[in-house]
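Colleague: Coordinates only, no sequence provided:
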């Protein structure tokens, strides 16, 4: 099983960025998919998740209104659209898969991507 995150890069504050995650999961639509991020010296933190059907989504309060998670089950892919990026959004961003419902606990996710680095400059 592989999760391949991509789309990170160097952007300026206020810019937008779209992250993608391609999954090799055979039963992709049975997995809740989530995005986490981790800044240097900090713990990995939950950002957003979407259920297998794509009908239900959950967001951490500090990204509501700026980040949007979506998925395309036909392509085995999940996305994170990020708008009005801030300096504090600088981090490595990870996609993760969990064969169950929503959870913010990283330990509950069975599969992880390698991370894609987002750097926001002033």
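Modeller: Arrived safely, thanks for sending. Since the structure is predicted, the reported quantities are computational estimates derived from the model, not experimental observations.
Colleague: what's next to the strand or helix carrying residue 112, contact-wise?
Modeller: Secondary structure assignment for residue 112, by DSSP states H and E: strand 111-112. Strand 111-112 has contacts (CB atoms under 8 Å, 6 or more residues apart in numbering) with 1, 3, 23, 25, 94, 95, 96, 97. Just so you know, the C-beta spots here come from the backbone N, C-alpha and C atoms, and that holds for glycine as well.
Colleague: hmm, try it at 6 Å
Modeller: Among residues not part of strand 111-112, those counted as contacts by CB atoms under 6 Å, 6 or more residues apart in numbering are 1, 3, 94, 96, 97.
Colleague: Same check on stretch 113-122?
Modeller: Here stretch 113-122 has contacts from 3-8, 10-13, 21, 85, 87, 89-90, 92-95, using CB under 6 Å, 6+ apart.
Colleague: And that stretch, what's buried?
Modeller: Residues 113, 115, 116, 118, 120 are the ones in stretch 113-122 that count as buried (16 or more other CB atoms under 10 Å).
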